[in-house]
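[1] sequence and predicted structure, then a few things I'm wondering about:
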Amino acid sequence: MTLPIRDAARGRPRLTVVQGSRAPVAADSEARWRRVAHAVLGCTQELAQHLLEQRWSRVDEALRERRELLGWLARLPLDADGRCALTALSQAADESEAAIGVMLGSRTPRQ
């Protein structure tokens with residue numbers, strides 16, 4: 001997994017997952033979950049920007065991307081801090097999705 005980078009054409013963060021190395025890699029699990037959590041925060045900032053600019057088609061895309069990142073975070077080996085971060089980010093995502101749903105007129109909560 002690499003850090004989020006900016007795509008020059010679209011100006012949005014992108015998380016690239018790299019697998020398949022035959023060489024042993026010493027993975028620091030704390031650094032890994034922190035990178036994914038940072039990507040979730042970046043996605044949330046992108047979502048807020050789309051809302052401010054009223055770019056409604058991109059709002060749904062950012063919501064789906066954030067949920068995907070939260071799913072990745074949930075599958076990582078987490079310590080106590082990581083579990084707390086996952087809980088907080090998931091609750092914040094649920095609350096913001098409910099608020100966005102009310103704003104856009106869709107009152108059904110996302111799962």
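    Okay, I see it.
[2] ranges for the helices of this protein?
    29-52, 56-75, 80-104 (DSSP state H).
[3] could you redo those helices as CSV and give each row mean pLDDT and mean neighbour count?
    C-beta here means a position set from N, CA and C on the backbone, and glycine is covered the same way. CSV is the format used below for the helices of the chain (pLDDT from 0 to 100; neighbours: other CB atoms under 10 Å):
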stretch, mean pLDDT, mean neighbour count
helix 29-52, 91, 18
helix 56-75, 93, 16
helix 80-104, 92, 14
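[4] ok, now which ones touch the nearest residue to Leu47 once chain neighbours are set aside?
    The spatially closest residue to Leu47, leaving aside those adjacent along the chain, is Ala62, at 4.0 Å (CB to CB, 6 or more residues apart in numbering). By CB atoms under 8 Å, 6 or more residues apart in numbering, the contact set of Ala62 is 43, 46-47, 50.
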